[in-house]
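Colleague: Sequence and predicted structure, then a few things I'm wondering about:
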Amino acid sequence: MAPRPEDERFMAAAIRLSRRHLGLTSTNPSVGCVIVKDGVVLGSAVTALGGRPHAEPQALAEAGEAARGATAYVSLEPCSHYGRTPPCAEALIAYGVARVVISVTDPDQRVSGRGINMLREAGIEVDAGILETEGRRALAGYLMRQTRNRPYVTLKLAISADGMIGKMGEGQVRITGDISRAQVQMLRAESDAILVGIGTAISDDPELTCRLPGLEDRSPLRIVIDENLQLPLGGKLVRTARQYPVIAVAANPPSFDDNTDNAFMARRAALDAAGVEVLQSNLGEPGELLEALGTRGISSLLVEGGAKTARRFLAADLVDRILLFQGPSHIGKRGIESPVLKSNIPASFMHIGESRFGDDRCDEFERGF
Ligand code: AOF
Ligand code: ZN
């Protein structure tokens, strides 16, 4: 049978629920599941913290006996493999669910189509592809890492009304208001890692943590592109490195003579001692760093600037989503120009949304993958 009018409404609820654990399920996707019968929600769940249990068995347990004959809405195809938990498709069959509605099919080699087949073979009606664009958006990190072994990259920029992201020699300049800032902290909470260049790390002395009350433990891994290891030992990033991990990414291979090489090794040892991990990577090829991050299980990366770092990722065609927060003030003289403006976003991006946060506006652009 074909999709029904209420399908999108309940799938939207499942997708909304799935977002709750974004960035908190390790390499597992955060999936949402809603069990519905006669228009009533009998159970709902999101993949547990750390990635297990999966969403479906939790939602089924909540619905209990009543799940018999019900419809399950799942943002990702139910799994068919025996991992640390039995297949979710099997649980849906065992509870006697009559119909399963899926948003996105699972690219995981162990599942990919098999979950749907298992359900159909058991006589369950299956519809897939409901709200697929929204579902893929919510699962973007998981899908990118599964298919390309790299994190999904979001570039976030705060720009003034005259298109600047800061002022030469002035450290942090207030460009957007409190509501936008809270919004950015939410973005941090949803990301596995956050990245800035050494210029920003030195001039702004940012902490790059999530400081929303109650969400402090959601702070992502903090990464600084730091060619020559100049990260200040007294700065906030290094001082908090034992609490919230920091990686300094140095150039590889280093092109120093013996003296500078010694100094580099000394700085490396000092960062090590402060709890900062030093990683070396070919910085001319940011894709190499992204692959290393993908291999360690990082599925989503938030790039927060500055201009040079943003340009580096844009030039390598490694930005998947752009968020432009624009405030009402003008910076004028000595302004640092934003690497992108609303008017010159690369053609491969689509404008997918606009929000207002107090006096600021935020435009969202994404490109498909
Ligand atoms: C679901 N529901 O809530 C999630 C699924 O390591 P494992 O055994 O937990 O398996 C990880 C895979 O399970 C992951 O790659 C993806 O295919 C699926 N995740 N599946 O049915 C869920 N999180
Ligand atoms: Zn599962």
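Modeller: Ah, there it is. Ligands and ions are numbered 1, 2, ... in the order given.

Colleague: Need the phi and psi values for Val40.
Modeller: Phi and psi for Val40, reported as degrees, to the nearest 10, are phi -110, psi 130.

Colleague: got it, and Ile198?
Modeller: Ile198 adopts backbone torsions of phi -60, psi -30, taken as degrees, to the nearest 10.

Colleague: Please tell me the pLDDT value assigned to it.
Modeller: Per-residue pLDDT puts Ile198 at 96.

Colleague: That one touches Ile223, doesn't it?
Modeller: No. In this structure, Ile198 is not within contact of Ile223 by C-beta atoms under 8 Å, at 11.1 Å. Every residue, glycine included, has its C-beta placed from N, CA and C.

Colleague: who's more crowded, the two?
Modeller: Ile223 (25 against 22; other C-beta atoms under 10 Å).

Colleague: And for the spatially most central residue of the chain, nearest residue in space, chain neighbours not counted?
Modeller: With distances taken as C-alpha atoms, centre = their mean, Ser300 lies nearest the centre of the chain, 3.3 Å away. Leaving out its chain neighbours, the residue that sits closest to Ser300 by C-beta to C-beta, 6 or more residues apart in numbering is Gly141, at 3.6 Å.

Colleague: Surely that neighbour and Ala193 touch.
Modeller: No. Assessed by C-beta under 8 Å, Gly141 is found out of contact with Ala193, at 10.3 Å.

Colleague: Quick check: the gap between Ala263 and Ala248.
Modeller: 15 Å (C-beta to C-beta, to the nearest Å).

Colleague: who's more crowded, these two?
Modeller: Per other C-beta under 10 Å, whichever of Ala263 and Ala248 has more neighbours is Ala248, with 27 against 13.

Colleague: Bridged to the more buried one, which residues?
Modeller: Val224, Val278 (DSSP bridges).

Colleague: which residues does it contact?
Modeller: Each residue near Ala248 by C-beta atoms under 8 Å, 6 or more residues apart in numbering is listed here: 224, 226, 229, 231, 271, 276-279.

Colleague: Can you give me the end-to-end span of stretch 282-300?
Modeller: Terminal residues of stretch 282-300 are spaced 20 Å apart (C-alpha to C-alpha, to the nearest Å).

Colleague: Name the nearest residue to His330, ignoring sequence neighbours.
Modeller: Asp162 is the one closest to His330 (C-beta to C-beta, 6+ apart), at 4.7 Å.

Colleague: So that neighbour, which state does it fall into?
Modeller: Under DSSP: H, G, I helix; E, B strand; the rest coil, Asp162 falls in the coil class.

Colleague: tell me the contacts of it?
Modeller: Each residue near Asp162 by C-beta under 8 Å, 6+ apart is listed here: 330-332, 335.

Colleague: What number of residues are in the vicinity of Asp272?
Modeller: Asp272 has 12 nearby residues by other C-beta under 10 Å.

Colleague: any idea how far it lies from Leu195?
Modeller: Asp272 is 20 Å from Leu195, by C-beta to C-beta.

Colleague: Just give the nearest non-adjacent residue to the residue in the stretch 201-350 of the chain that ligand 1 sits nearest to, would you?
Modeller: The nearest approach of the stretch 201-350 of the chain to ligand 1 comes at Ser299, 10.7 Å away (C-beta to the nearest ligand atom). Setting aside the residues directly before and after it, Ser299 is nearest to Gly141 in space (C-beta to C-beta, 6+ apart), at 3.4 Å.

Colleague: Could I get the phi/psi values of whichever residue of the stretch 201-350 of the chain sits closest to ligand 2?
Modeller: Residue nearest to ligand 2 within the stretch 201-350 of the chain: Ser299 (17.2 Å; C-beta to the ion). Dihedral pair for Ser299: phi -100, psi -20, per degrees, to the nearest 10.

Colleague: what sits against it?
Modeller: Ser299 sits next to 27, 141-142, 144-145, 151-152, 192 when contact means C-beta under 8 Å, 6+ apart.

Colleague: quick revisit: let me see the contact set for the residue nearest to the centre of the chain.
Modeller: Taking C-beta under 8 Å, 6+ apart as the test, what Ser300 contacts is 22-23, 140-141, 151-152, 154, 190-193.

Colleague: Among those residues, name the ones in strands.
Modeller: Residues of the contacts of Ser300 located in strands (DSSP state E): 152, 154, 193.

Colleague: Tell me the one of these nearest Asp359?
Modeller: Among the ones in strands among the contacts of Ser300, Thr154 lies closest to Asp359 (C-beta to C-beta), at 22.8 Å.

Colleague: Just give the closest residue to that closest one, not the sequence neighbours.
Modeller: Arg321 (4.4 Å).

Colleague: Is that neighbour bridged to anything, and to what?
Modeller: Counting by DSSP bridges, the residues bridging with Arg321 are Thr154, Glu366.
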